[in-house]
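S.K.: Below is the structure, and that's it, no one-letter string:
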Ligand SMILES: Cc1ncc(C[n+]2csc(CCOP(=O)(O)OP(=O)(O)O)c2C)c(N)n1
């Protein structure tokens, strides 16, 4: 793949050559992602679309945007980064998402869904203000289109008259099959005979007539009028005021380039409805697009994932426990924002499909929706990744906490997530939750604690957040102290004490072991409750020590530790307090263990820091 000079070479390649290139790209993707892991199925689905975009438009002068950005691998290949795929998602390697710092072809740093139309419209307006001429094309999946912000942008764009192209990449899938009324609407458009007729007419009128693009455009305009009253009146995009063309075969490069050329010549905002197959090219992946949406390293021969950790993930522990609780308590339901599998709800969804609600990629709506159910006596457990819950800050605050409603937020992928990097790290939630009145925040450090905290949250009848990390759950060992609002003093120490939160308890245990070997008596507390804090327990554990160290998988700014400072440094016998956590930065992709070392959060660094501070 490195032998080409892309995107330049695309401009002169013949249709046959481009077809062969598609095959080559698919093999390349399969081989590389089998080693590094990453988003595979979505990228296999957009090979022809990406080729056509880079053939028709002149990036980086023209702007090509990717919503979410998980499907930008082909774009990366076609913009000179094929050689970087061996270090995809690794420390100091290429990101799995578009990054402005990585290439001038990456228009914005994407990662969270549904924002691309807003960004594109902003770019279009800036171009108008500065009197600059360039084309803008944004690719948004049918899944991402379910997010509220995409609707806000469509509403704004429809009235703006700005020149840009919105490409709906409709593969009928979000991570799981797509849901909701919009999906049904797209389904009707896909099946619409009118459009298929229209395409036939265009093809006929094109044979031997007019200049490329110019002729297509005129034909489209004519045909649009012809079918206007039979089809377009039922099309929400046309009704909003956009020009709308589709369905377009997303695996036919010629058809794609024809429509892109036509859209390029149009004034105003054009919506293209492109139909693709997620996982295209490999039957196993086409048949299981959800499994191969985001996948770890896998065998090239069998396409099966390489065996990972033995312990079940926190997501699985959560899903199994909720299913068990739901069996006993008919009030319990689960709410997910398009992440049924990722959050561990797959089995419960099979057993109680009527009690598991996938609201689409709509975190804000999901939280308010849960509040409505809670108003009526239902007990919703809302399972959302920490990074995506950022979207629903206001709804948590007003719809849930203000009214003191018993909604339980099960916050998955809290803290550092590793390979997905900046846009996906869940390192901010303790900071954005800490100040929400009425909210209890719990952080389990092992599987049993998570299960018991879920039971406890049901008893509380008030808003609760339980945050846990990505990956295998730590297996609980030994005696278990009940979850009752207090912290767990694991060890008392003479010299220092570590107050550790959630996943950090494990690193803290190791750090305490290292310190003991060096003759330093360091205590350890498993904080368990970040809000309200068990000050009595924490004070007891800190009695007589010279140093308190707080350790959390969250940014220090506004996190757990800073609350502790306030308390212990204002006491009569104030104790020196050091806060360890992530700095005030976005943390890049890499393995969590590597990043912890770099940022001084691994056991050795924590122990060294304590030795230096004592
Ligand atoms: C706000 C937000 N919530 C959830 C996600 C997780 N997520 C990543 S891709 C994806 C599905 C996107 O579906 P679609 O836009 O149709 O793209 P496809 O993968 O099908 O090509 C989801 C839910 C996200 N990136 N952002």
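M.R.: Nice, thanks for sending it over. The structure presented is a predicted model; accordingly, all values stated were derived computationally and were not measured.

S.K.: what's the residue most central in space within the chain in contact with, if anything?
M.R.: For the chain, the residue nearest the mean C-alpha position is residue 112 (5.2 Å; Cα atoms, centre = their mean). Neighbouring residues of residue 112 by Cβ atoms under 8 Å, 6 or more residues apart in numbering: 68, 387-388, 390-391, 423. Placement of C-beta: from N, CA and C, glycine included.

S.K.: Now intersect these with the strands, please.
M.R.: For the contacts of residue 112, not one is inside strands, with DSSP state E as the criterion.

S.K.: out of those, which are inside helices?
M.R.: Secondary structure assignment by DSSP state H places 387-388 of the contacts of residue 112 in helices.

S.K.: Which secondary structure state is assigned to the residue nearest to the centre of the chain?
M.R.: Taking DSSP: H, G, I helix; E, B strand; the rest coil as the rule, one finds residue 112 in the coil state.

S.K.: Surely residue 548 is within a helix?
M.R.: No: counting by three-state DSSP, residue 548 is not part of a helix but strand.

S.K.: How about the contacts made by it?
M.R.: 496-497, 499, 542, 564, 568, 575-578.

S.K.: Just the buried ones from the residues you listed?
M.R.: Buried members of those, counted by 16 or more other Cβ atoms under 10 Å: 496-497, 499, 542, 564, 568, 575, 577-578.

S.K.: can you list these in JSON lines and add secondary structure and pLDDT?
M.R.: Output for those, formatted as JSON lines (DSSP: H, G, I helix; E, B strand; the rest coil; pLDDT from 0 to 100):
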{"residue": "496", "secondary structure": "strand", "pLDDT": "98"}
{"residue": "497", "secondary structure": "strand", "pLDDT": "98"}
{"residue": "499", "secondary structure": "strand", "pLDDT": "98"}
{"residue": "542", "secondary structure": "helix", "pLDDT": "96"}
{"residue": "564", "secondary structure": "helix", "pLDDT": "94"}
{"residue": "568", "secondary structure": "helix", "pLDDT": "83"}
{"residue": "575", "secondary structure": "coil", "pLDDT": "92"}
{"residue": "577", "secondary structure": "strand", "pLDDT": "95"}
{"residue": "578", "secondary structure": "strand", "pLDDT": "97"}
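
S.K.: Make a markdown table out of those residues and add distance to residue 436.
M.R.: Formatted as a markdown table, the buried ones among the contacts of residue 548 follow (distance: Cβ to Cβ, whole Å):
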| residue | distance to residue 436 |
| --- | --- |
| 496 | 31 |
| 497 | 28 |
| 499 | 21 |
| 542 | 26 |
| 564 | 19 |
| 568 | 23 |
| 575 | 28 |
| 577 | 24 |
| 578 | 26 |
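
S.K.: Show me which of these is closest to residue 151.
M.R.: Distance to residue 151 across the buried ones among the contacts of residue 548 (Cβ to Cβ) is lowest for residue 564, with 42.2 Å.

S.K.: Can you report how many residues neighbour the spatially closest residue to the closest one that is not a sequence neighbour?
M.R.: Of all residues not flanking residue 564 in the chain, residue 550 sits nearest, at 5.2 Å (Cβ to Cβ, 6 or more residues apart in numbering). The tally of other residues near residue 550 (other Cβ atoms under 10 Å) stands at 28.

S.K.: Not counting the top helix by length along the chain itself, show me its contacts.
M.R.: Counting residues, the longest helix found in the chain (DSSP H) is helix 15-36. Residues outside helix 15-36 that contact it (Cβ under 8 Å, 6+ apart): 1, 10, 13, 39-40, 43-44, 47-48, 51, 55, 73-74, 77, 82, 85-90, 253-254, 280-282, 295, 297-300, 303.

S.K.: Whichever of those residues end up buried, select them in ChimeraX.
M.R.: For the buried members of the contacts of helix 15-36, the matching ChimeraX selection, counting by 16+ other Cβ under 10 Å, is:
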select :1,10,13,39,40,43,44,47,48,51,55,73,74,77,82,85,88,89,90,253,280,281,282,295,298,303
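
S.K.: just to revisit the earlier point, pipe the contacts of residue 548 into a markdown table and attach distance to the ligand per row.
M.R.: Formatted as a markdown table, the contacts of residue 548 follow (distance: Cβ to the nearest ligand atom, whole Å):
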| residue | distance to the ligand |
| --- | --- |
| 496 | 40 |
| 497 | 38 |
| 499 | 32 |
| 542 | 40 |
| 564 | 32 |
| 568 | 37 |
| 575 | 41 |
| 576 | 41 |
| 577 | 35 |
| 578 | 35 |
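
S.K.: measure stretch 479-499 end to end?
M.R.: When the termini of stretch 479-499 are compared using Cα to Cα, to the nearest Å, they are 20 Å apart.

S.K.: from the chain's centre, how far out does that stretch sit?
M.R.: Centroid displacement of stretch 479-499 relative to its chain, using Cα atoms, centre = their mean, to the nearest Å, is 34 Å.

S.K.: Quick check: the gap between residue 147 and residue 42.
M.R.: As judged by Cβ to Cβ, to the nearest Å, residue 147 and residue 42 stand 16 Å apart.

S.K.: Near the ligand, which residues of the protein are found?
M.R.: Neighbours of the ligand within the chain, by Cβ under 6 Å from any ligand atom: 42, 45, 68, 70-71, 112-113, 141-144, 169, 171, 173-175, 278, 337-339, 361, 363, 388, 391.

S.K.: One more pass at 5 Å, please.
M.R.: With Cβ under 5 Å from any ligand atom as the criterion, the chain meets the ligand at residues 42, 68, 112-113, 141-144, 171, 173-175, 338, 361, 388.

S.K.: Tell me the one among those residues nearest to residue 487.
M.R.: Nearest to residue 487 among the residues of the chain next to the ligand: residue 388, at 28.8 Å, using Cβ to Cβ.

S.K.: out of everything not next to it in sequence, what's closest to that closest one?
M.R.: Closest residue to residue 388 in three dimensions, ignoring its sequence neighbours and counting by Cβ to Cβ, 6+ apart: residue 363, at 5.3 Å.

S.K.: how many other residues sit next to the one you found?
M.R.: With other Cβ under 10 Å as criterion, residue 363 counts 29.

S.K.: Same question for residue 138.
M.R.: The number of residues packed near residue 138 is 25, by other Cβ under 10 Å.

S.K.: where does it land in three-state SS?
M.R.: Here residue 138 is recorded as strand under three-state DSSP.

S.K.: try residue 274
M.R.: Secondary structure, three-state DSSP: residue 274 is strand.

S.K.: any idea how far residue 516 is from it?
M.R.: In terms of Cβ to Cβ, residue 274 sits 62 Å off from residue 516.

S.K.: So between the two, which is more surrounded?
M.R.: Counted by other Cβ under 10 Å, residue 274 and residue 516 do not tie: residue 274 has more neighbours, with 27 against 14.

S.K.: phi, psi of the residue nearest to the more buried one when sequence neighbours are not counted?
M.R.: Closest residue to residue 274 apart from its sequence neighbours, by Cβ to Cβ, 6+ apart: residue 250 at 4.2 Å. Phi and psi for residue 250, reported as degrees, to the nearest 10, are phi -70, psi 0.

S.K.: I appreciate the help and will end here.
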